[in-house]
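J.: what follows is a protein structure lacking sequence information:
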DNA sequence: ATGTCCCTACGGGGAATTACCTATAACCAC
DNA sequence: GTGGTTATAGGTAATTCCCCGTAGGGACAT
């Protein structure tokens, strides 16, 4: 794990959370670790800690094929937890997308955290299985619509949402190329469903239409 | 849940398990429920029990889109467990593929089973995330190869493997049509990588080649 | 065993979607 | 401003889907 600094960093206020972030026993609390954009948090094959919580910023979880193809299995925003593993080692890579603050929670010797981790694992499992439907059976527009609806929900259901990740990250999350992602954004814009305020900031003009497109 | 009979059924011997099936506290043991081919075990939106274990037969877990498109997120073979949910209701459908025997494990009042369920949930999470890579970034041959390698591992690594599910199930699991699945099977056969003993029974002639194809 | 029926799987051709490649445009940091 | 990165756009190519018809395998009765 590449911790660029372990000193305490002033955390900026979190974006509104539809599901309030989990809180854990203070004795387990670790200082905030800071990761600059693109920094690895852990790598496939590394020994697994227990779990991580995003304080601010955003994280991508991904896996690679030998020829470089990449599948991002999840994004994690402020307040969300990730990184728990079944075995002793990580099966995926985790990287900071932007400047990101992470808290690492470790098991106190002998403590049984399964009671706290199980709901997190089950939530992640449901999320992953729902994403399987998107990747396996939805077309490009449906995929992007589902992604935007999900991001909007996780940012409190506001009209204006921030996309902390690049088009390439979005493509690798949705199983599309950046060109297709870009074209779908343009199509949604022409239909008046979304407005592109800037590259990483969009406004959802017709939430119902977007919801319908995601099926 | 559609339990066609709750009477005890003579369970046939399980196929060899690379990972021995979990065993649970006998006080929680429920009688074996029998489901004929195609029978629903639970449906999306139903109240969730705790979890289920396949005694014999096979189960498919899936989700539907409004227009009927289906994504199977997992198959479960003899000895495997499934059906634990984050919330109070099921998010997916579960059906018996063939004649199948299932044990239902319920939480004893006040008992905390998270210690037993967490490893199962984490294993399922890793499986689902690995499947995301297949659906998002692999082509038809790679998908089928990955599927066959997985099925072979779960059946003890033998050369001859049984596919309890139809081509349509395989297609809906891999995000392909039955035609494409069929064509890939034919291509693999022509290459001498597999032999089709019968429709539901194949022999892996070149396991290394298959492994390489799955990347 | 053998024949028949029926369901499932296989195969071919055209169509649609998306990927790949190249070029241009927009954005951002310095 | 200016340079470099990232996103958008268009054309072509490849993959896979969709629709059709045919073939094959298993179950059952004879």
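T.: Sure thing, it's come through. The structure displayed is predicted, hence computed values, not measured ones.

J.: does residue A:44 sit in a helix, a strand or a coil?
T.: Recorded secondary structure, residue A:44: coil (DSSP: H, G, I helix; E, B strand; the rest coil).

J.: does chain B have contacts with stretch A:125-132?
T.: Yes. Stretch A:125-132 reaches chain B (CB under 8 Å from any CB of the partner chain) through A:125, A:126, A:128, A:129, A:130, A:131, A:132. For the C-beta atoms, the positions are set from N, CA and C on the backbone; glycine is no exception.

J.: identify all residues paired with the residue most central in space within chain A through a beta bridge.
T.: By CA atoms, centre = their mean, chain A has its centre lying nearest to residue A:75, at 1.4 Å. Counting by DSSP bridges, residue A:75 forms beta bridges with residue A:60.

J.: what about it, distance to residue A:201?
T.: 16 Å (CB to CB, to the nearest Å).

J.: in chain A, mark out all the helices, start to finish.
T.: In chain A, the segments counted as helices under DSSP state H are A:114-137, A:140-154, A:167-174, A:178-190, A:207-213.

J.: now those as TSV including mean pLDDT and mean neighbour count?
T.: Shown next, in TSV, are the helices of chain A (pLDDT from 0 to 100; neighbours: other CB atoms under 10 Å in any protein chain shown):
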stretch	mean pLDDT	mean neighbour count
helix A:114-137	92	22
helix A:140-154	92	20
helix A:167-174	92	21
helix A:178-190	89	16
helix A:207-213	91	16
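
J.: next, format those helices as TSV and append distance to residue B:160.
T.: Converted to TSV, these look like this (distance: least, CB to CB, whole Å):
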stretch	distance to residue B:160
helix A:114-137	28
helix A:140-154	38
helix A:167-174	37
helix A:178-190	41
helix A:207-213	45
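
J.: so which of those helices is nearest residue B:169?
T.: Shortest distance between residue B:169 and the helices of chain A, using CB to CB, is found for helix A:114-137: 12.7 Å.

J.: just checking, what packs against the closest one?
T.: strand A:70-77, helix A:140-154, strand B:58-64, strand B:70-77, helix B:114-137, helix B:167-174 (3 or more CB pairs under 8 Å, 6 or more residues apart in numbering or on different chains; DSSP states H and E).

J.: so residue A:85 touches residue A:48, yeah?
T.: Yes. Using CB atoms under 8 Å, residue A:85 makes contact with residue A:48 at a distance of 4.2 Å.

J.: neighbour count for the two, which is higher?
T.: residue A:85 (21 against 15; other CB atoms under 10 Å in any protein chain shown).

J.: for chain A, which residues are neighbours of DNA strand C?
T.: Counting by CB under 7 Å from any atom of the strand, chain A comes close to DNA strand C at A:139, A:140, A:141, A:175, A:176, A:177, A:179, A:180, A:198, A:199, A:200.

J.: can I assume the fourth one is in contact with residue A:137?
T.: No. With contact defined as CB under 8 Å, residue A:175 does not count as touching residue A:137 (11.2 Å).

J.: which bits of chain A sit near DNA strand D?
T.: A:166, A:167, A:168, A:178, A:179, A:181, A:182, A:183, A:185, A:186, A:196, A:199.

J.: what's the nearest residue to the third one if we skip its chain neighbours?
T.: Once its chain neighbours are removed from consideration, residue A:168 has its nearest residue in residue A:178; the separation is 5.1 Å (CB to CB, 6 or more residues apart in numbering or on different chains).

J.: and the one you found, what does it touch?
T.: A:167, A:168, A:170, A:171 (CB atoms under 8 Å, 6 or more residues apart in numbering or on different chains).

J.: go again with 7 Å.
T.: Listed by CB atoms under 7 Å, 6 or more residues apart in numbering or on different chains, the contact partners of residue A:178 are A:167, A:168, A:171.

J.: again, but for residue A:45
T.: Neighbour list for residue A:45: A:89, A:90 [criterion: CB under 7 Å, 6+ apart].

J.: apply 6 Å and report the result again.
T.: residue A:89 (CB atoms under 6 Å, 6 or more residues apart in numbering or on different chains).

J.: please apply the same query to residue A:202.
T.: Contacts of residue A:202 by CB under 6 Å, 6+ apart are A:194, A:196.

J.: to residue A:59, which of the helices of chain A lies closest?
T.: So among the helices of chain A, helix A:167-174 is nearest, using CB to CB, at 10.9 Å.

J.: domain map for chain A?
T.: Following automatic domain parsing, one finds the domains of chain A at A:1-117, A:133-213.

J.: show me what counts as buried in stretch A:197-204.
T.: A:202, A:204 (16 or more other CB atoms under 10 Å in any protein chain shown).

J.: what about it, how long is it end to end?
T.: End-to-end distance of stretch A:197-204 (CA to CA, to the nearest Å): 10 Å.

J.: what residues does chain A put near chain B?
T.: Within chain A, the positions near chain B by CB under 6 Å from any CB of the partner chain are A:63, A:65-66, A:69, A:71, A:73, A:86, A:91, A:114-115, A:117-118, A:121-126, A:128-129, A:132-133, A:135-137, A:175, A:215.
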